[in-house]
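Asker: I would like the atomic coordinates for the input below:
(one chain, ligands or ions: 1)
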Amino acid sequence: MLTDPAARCVRTRGLGHRFAGTATLFAGLDLTLHPGEVVALVGPSGSGKSTLLSIVAGWEEPAEGSVERVGIERVGWVFQNPHGVARRTALDHVVLPLLARGRTRADAEAEAREVMDVFDLAAAAPRPFRALSGGEAQRLMLARAVATAPDLLLVDEPTAQLDRSTADTVNAVLAQVARADAVVLVATHDASTRDACTRVVDLARHRPDPAATVPREVPA
Ligand SMILES: Nc1ncnc2c1ncn2[C@@H]1O[C@H](COP(=O)(O)OP(=O)(O)OP(=O)(O)O)[C@@H](O)[C@H]1O
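Answerer: Model (predicted):
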């Protein structure tokens with residue numbers, strides 16, 4: 001059943017997480033993410049940004065609280081480290097998910113080339129994945145995710161391996177995806193990605209209050 005995109009959202013209530021044997025990473029997270037927004041998820045290294053993406057995707061069970069995904073059928077994920085099939089061409093990486101969605105080979109190729117152009121990957125299209133640079137491979141992962149028209153797009157450090165001008169292109173494309181009725185959540189350390197987002201969620205502000213768990217020292 002298709003849901004009205006206007007009703008589409010991701011809602012967290014009292015969300016918190018810790019892994020077995022680790023301290024609590026974040027707690028009490030009440031968030032509602034709407035289509036049309038690009039939400040930057042920031043916080044120091046190890047604060048739980050990637051973990052929160054996994055929880056929002058439904059891959060990791062939260063230790064506390066809940067995540068509700070309303071009208072989310074397709075989830076796109078772009079990992080921190082690009083993964084591809086070494087011998088397959090860059091073009092194939094974008095064409096295959098479109099074929100899986102029922103496109104003909106000709107339509108899938110045309111659509112894939114269009115998306116790859118946006119990410120400045122036209123010249124890389126015929127090259128095998130193993131021959132791509134780190135930045136090209138990362139842009140390819142974004143192009144593939146965008147081509148699948150996700151309702152929810154989760155992106156981990158999209159600009160980590162890119163030069164400034166390519167990073168700016170990536171930031172602009174993320175905003176375009178959001179305008180296409182998708183909820184977009186981007187974990188980032190990059191100040192310009194954060195600035196290109198419509199909202200910022202800082203996990204540093206959702207750390208558990210140490211005063212709540214550690215007894216205060218009382219002066220003698
Ligand atoms: N499956 C796991 N089991 C135990 N600990 C884990 C697991 N996954 C992540 N962690 C730990 O949880 C903490 C948060 O990790 P996470 O990768 O979510 O942080 P991050 O904010 O994305 O970091 P970075 O900015 O460096 O990518 C880290 O200390 C990490 O070692």
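Asker: Pull the strand or helix carrying Arg144 out as PDB, backbone CA atoms only.
Answerer: Counting by DSSP states H and E, the element that carries Arg144 is helix 134-147. Only the C-alpha atoms of helix 134-147 are listed here, as PDB (Å, rounded to 0.1, in the frame of the first residue of the first chain):
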ATOM      1  CA  GLY A 134      38.100   6.600  -3.800                       C
ATOM      2  CA  GLY A 135      36.100   9.700  -4.600                       C
ATOM      3  CA  GLU A 136      34.500   8.200  -7.800                       C
ATOM      4  CA  ALA A 137      33.600   5.100  -5.900                       C
ATOM      5  CA  GLN A 138      32.000   7.100  -3.100                       C
ATOM      6  CA  ARG A 139      30.000   9.200  -5.600                       C
ATOM      7  CA  LEU A 140      29.000   6.000  -7.400                       C
ATOM      8  CA  MET A 141      27.500   4.700  -4.200                       C
ATOM      9  CA  LEU A 142      25.500   7.900  -3.800                       C
ATOM     10  CA  ALA A 143      24.300   7.700  -7.500                       C
ATOM     11  CA  ARG A 144      23.200   4.100  -7.000                       C
ATOM     12  CA  ALA A 145      21.200   5.000  -3.800                       C
ATOM     13  CA  VAL A 146      19.600   8.100  -5.500                       C
ATOM     14  CA  ALA A 147      18.700   5.900  -8.500                       C
END
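Asker: for it, which positions count as buried?
Answerer: 135-147 (16 or more other Cβ atoms under 10 Å). (Glycine included, C-beta is placed from N, CA and C.)
Asker: Tell me the one among these nearest to Pro62.
Answerer: Using Cβ to Cβ, Ala145 comes nearest to Pro62 of those, at 23.5 Å.
Asker: all strands for the chain, in order.
Answerer: Here the chain has its strands, by DSSP state E, at 9-17, 26-33, 38-42, 64-70, 75-78, 152-156, 183-187, 199-202.
Asker: and the first one, what does it pack onto?
Answerer: Packing partners of strand 9-17 (3 or more Cβ pairs under 8 Å, 6 or more residues apart in numbering; DSSP states H and E): strand 26-33, helix 49-57, strand 64-70, strand 183-187.
Asker: mind giving me the domain ranges of this protein?
Answerer: Following the TED database, one gets these domains for the chain: 7-74+150-210, 81-148.
Asker: coming back round to it: tabulate the strands of the chain (a markdown table), appending distance to His93.
Answerer: Output for the strands of the chain, formatted as a markdown table (distance: least, Cβ to Cβ, whole Å):
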| stretch | distance to His93 |
| --- | --- |
| strand 9-17 | 27 |
| strand 26-33 | 27 |
| strand 38-42 | 23 |
| strand 64-70 | 26 |
| strand 75-78 | 12 |
| strand 152-156 | 16 |
| strand 183-187 | 21 |
| strand 199-202 | 30 |
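Asker: mean pLDDT for these: which is lowest?
Answerer: Per-stretch mean pLDDT for the strands of the chain is lowest at strand 75-78 (a mean of 90).
Asker: Tell me the one of the buried residues of helix 134-147 nearest the ligand?
Answerer: Nearest to the ligand, judged by Cβ to the nearest ligand atom, of the buried residues of helix 134-147 is Gln138 at 14.7 Å.
Asker: what sits against that closest one?
Answerer: Residues in contact with Gln138 (Cβ atoms under 8 Å, 6 or more residues apart in numbering) are Val78, Pro82, Pro158, Ala160, Gln161, Leu162.
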